[in-house]
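Chemist: I need the structure of the sequence given here:
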Amino acid sequence: MIYTVTFNPSLDYIVSVDDFKLGLTNRTSSELILPGGKGTNVSTVLKNLGFESTALGFVAGFTGNEIVKRLNDMGIKSDFISIENGISRINLKLKSIDGTEINGAGPDISEEKVNKLMDKLNQLKEGDVLVLAGSIPSSMSDNIYRDIMADLKDRGVMIVVDATKDLLLNVLEYHPFLIKPNNHELGEIFDVKLTTREEVIPYGRKLQEKGARNVLVSMAGEGAVLIAEDGQVFDTPAPKGKLINGVGAGDSMVAGFVAGWIEKQDYEYAFHMGVASGSASAFSENLATKEEIINVYNQVMGK
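Modeler: Okay, here's the model as predicted:
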């Protein structure tokens with residue numbers, strides 16, 4: 001079974017505003033409300049590709065209820081823990097102004113609630129897949145992903161981590177199966193600027209030396225790179241297409257890679273499925289459908 005964890009899920013309010021003017025009343029030209037957060041996005045794309053998963057994490061208030069309802073309506077199983085105080089966040093995505101976002105803070109999560117999540121995760125067994133994705137509320141420790149991986153050590157659970165800074169670095173000693181920094185996040189870790197696919201390879205290998213098994217680096221319009229555990233390196237330029245909505249493209253890449261790996265246990269196939277999934281979502285108003293992903297995959301493979 002595949003499980004995703006989103007500590008701070010959201011309702012994403014995605015709008016376009018023609019000719020936005022600061023300080024004045026602006027009207028939307030399009031709007032869309034979706035359940036958001038990196039782990040829930042991964043679950044959504046996995047569902048679109050035909051892979052079932054269970055979305056875990058925390059929800060609060062009327063927005064939390066709406067997140068659960070919308071996931072259920074999409075046929076995505078969830079098992080969130082309810083927080084009595086506060087509300088799950090609302091994230092405003094202004095897609096017509098170069099990916100401008102205003103993200104909410106989310107509720108405080110008590111130690112008791114964290115322990116409830118840990119109890120759920122401790123039921124995972126060999127062969128299960130766990131995706132830990134996204135930021136955490138300010139009330140939580142940067143060690144939370146590390147603590148989860150420590151608890152699951154030697155259980156045979158395949159763990160994927162899509163996070164930044166300390167959340168990511170803290171888990172490397174527990175050898176996550178896959179990590180997915182983008183080139184800016186990778187450069188921030190090592191205090192360098194990385195702009196080409198060739199430049200990211202040695203720094204991806206440094207993260208392998210620290211414990212990561214596979215390092216997938218997304219680079220937006222520059223493409224992507226995979227430094228695989230078996231020593232292979234794959235890279236590809238970005239597929240051609242019109243950027244419509246970059247929200248969730250990186251999460252879609254993670255979902256595509258996981259789906260590809262489960263299907264064939266082949267790094268090259270998983271990599272190209274990841275690239276196709278991320279790009280297909282970027283070219284779509286919503287997170288990509290299976291048909292959209294396969295179309296981009298065929299383009300990537302020259303079919």
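Chemist: so where do the helices sit in the stretch 101-250 of the chain?
Modeler: Remark: helices assigned in the stretch 101-250 of the chain by DSSP state H, counting those that start in this stretch are 111-121, 144-151, 165-169, 183-190, 197-209, 249-264.
Chemist: is it true that residue 127 touches residue 156?
Modeler: Yes: counting by C-beta atoms under 8 Å, residue 156 is a contact partner of residue 127 at 6.4 Å. In short, each C-beta sits where N, CA and C put it, glycine included.
Chemist: where's residue 78 relative to residue 205, distance?
Modeler: Applying C-beta to C-beta, to the nearest Å, the value for residue 78 to residue 205 is 37 Å.
Chemist: please say which of these two ends up with more neighbours.
Modeler: Neighbours were counted for residue 78 and for residue 205 using other C-beta atoms under 10 Å; residue 78 has more, 22 against 15.
Chemist: what's near enough to touch the residue lying closest to that one once chain neighbours are set aside?
Modeler: Among residues not flanking residue 78 along the chain, residue 55 sits closest, at 4.2 Å (C-beta to C-beta, 6 or more residues apart in numbering). By C-beta atoms under 8 Å, 6 or more residues apart in numbering, the residues touching residue 55 are 3-4, 6, 9, 39-40, 43, 71, 76-80.
Chemist: name the SS class of residue 55, please.
Modeler: The three-state assignment at residue 55 reads strand, by DSSP: H, G, I helix; E, B strand; the rest coil.
Chemist: that one pairs with what?
Modeler: Residue 55 has these beta-bridge partners by DSSP bridges: residue 4, residue 78.
Chemist: tell me, what's the model's pLDDT at residue 303?
Modeler: pLDDT recorded at residue 303 is 65.
Chemist: should've said residue 246
Modeler: Note for residue 246: predicted pLDDT of 79.
Chemist: same deal with residue 98?
Modeler: With respect to pLDDT, residue 98 has a value of 67.
Chemist: one more: residue 198?
Modeler: With respect to pLDDT, residue 198 scores 94.
Chemist: go on, residue 221?
Modeler: 84.
Chemist: that one - how many residues pack around it?
Modeler: Count around residue 221 with other C-beta under 10 Å applied: 8.
Chemist: that'll do, ta.
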